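pasting the sequence and the predicted coordinates here, then a few questions.
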Amino acid sequence: MHKDVAEILVSEEQIQERCKELGKELSDYYRERNSVPMLVGLLKGSVPFLVDLIKRMDIDVEIDFMDVSSYAGTNSVEVRILKDIESSVADKDVLVIEDIVDTGKTLEKVCEILRSKGAREVKIATLLDKPGGRKVDTIVPDYVGFSVPNKFVIGYGLDYNQKYRNLPYVGVIKEEAI
Ligand code: 5GP
């Protein structure tokens with residue numbers, strides 16, 4: 001275990017097993033709809049999850065990436081697009097891939113943007129959900145890997161000052177590392 005990790009919340013084995021289950025569930029869903037979904041990963045945190053998930057999907061998929069930064073304004077959250085998707089989502093089934101849903105404000109904006117580009121359907125798959133942090137009631141992730149308590153977590157894509165994204169598990173950072 002990394003020296004800055006206080007506790008492992010989700011192990012590497014648990015993540016791999018859950019990706020297998022979600023990959024099957026998603027494949028069944030899109031196969032039934034006769035659809036080639038466009039998976040849109042939100043950079044950078046979703047990368048490990050997207051990579052492991054698509055390997056467990058036995059249907060055709062397309063992938064693209066978006067990079068957004070969100071910061072609190074006076075009354076709302078401003079979401080700035082740092083990198084937009086490159087492909088058209090018009091009339092496509094879009095599955096947004098996220099590392100963690102906390103307040104839900106980032107995804108609220110991202111889903112709004114994707115719908116405004118004409119997506120047929122926008123669903124959300126997130127590795128982690130922190131229901132205790134939710135501030136908007138419009139965002140309910142369709143596919144959740146694991147629910148976690150309202151703590152700051154790192155690993156498997158999630159960073160603290162850009163570090164720890166490469167840990168193969170999700171853990172809680174030690175106080176002294178912050
Ligand atoms: P939201 O708009 O839902 O509050 O923000 C979601 C984003 O906040 C995530 O994509 C992630 O970048 C960041 N975030 C929220 N909670 C955590 C956490 O516990 N650890 C880390 N590393 N990032 C988090």
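Done, it's in. Numbering: from 1, shown residues only.

for this protein, which segments count as helices?
12-32, 47-55, 105-116 (DSSP state H).

save those helices as JSON lines, and put in mean neighbour count and distance to E62 too.
For every residue, glycine as well, the C-beta is placed using N, CA and C. JSON lines is the format used below for these (neighbours: other Cβ atoms under 10 Å; distance: least, Cβ to Cβ, whole Å):
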{"stretch": "helix 12-32", "mean neighbour count": "16", "distance to E62": "11"}
{"stretch": "helix 47-55", "mean neighbour count": "19", "distance to E62": "10"}
{"stretch": "helix 105-116", "mean neighbour count": "18", "distance to E62": "14"}
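
any chance of those in TSV, with distance to the ligand too?
Shown next, in TSV, are the helices of the chain (distance: least, Cβ to the nearest ligand atom, whole Å):
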stretch	distance to the ligand
helix 12-32	15
helix 47-55	11
helix 105-116	3
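
what residues does this structure have near the ligand?
Contact residues (Cβ under 6 Å from any ligand atom) of the chain with the ligand: 45, 70, 98-106, 152-154, 158-160.

is it possible to mark the buried ones in those residues?
With neighbours counted by 16 or more other Cβ atoms under 10 Å, those contain buried members at 45, 70, 98-106, 153-154, 158.

where is the longest strand in this protein?
As assigned by DSSP state E, the longest strand anywhere in the chain is strand 62-72.

render the CA-only coordinates of it in CSV, please.
This file holds the C-alpha atoms of strand 62-72, laid out as CSV (Å, rounded to 0.1, in the frame of the first residue of the first chain):
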residue,chain,number,x,y,z
GLU,A,62,-17.1,4.5,-29.9
ILE,A,63,-15.0,6.5,-27.5
ASP,A,64,-14.3,10.2,-27.1
PHE,A,65,-13.1,12.5,-24.3
MET,A,66,-14.1,15.8,-22.8
ASP,A,67,-12.1,17.9,-20.3
VAL,A,68,-14.0,20.3,-18.2
SER,A,69,-13.1,22.5,-15.2
SER,A,70,-15.7,23.5,-12.7
TYR,A,71,-15.5,26.2,-10.2
ALA,A,72,-18.1,27.8,-7.9
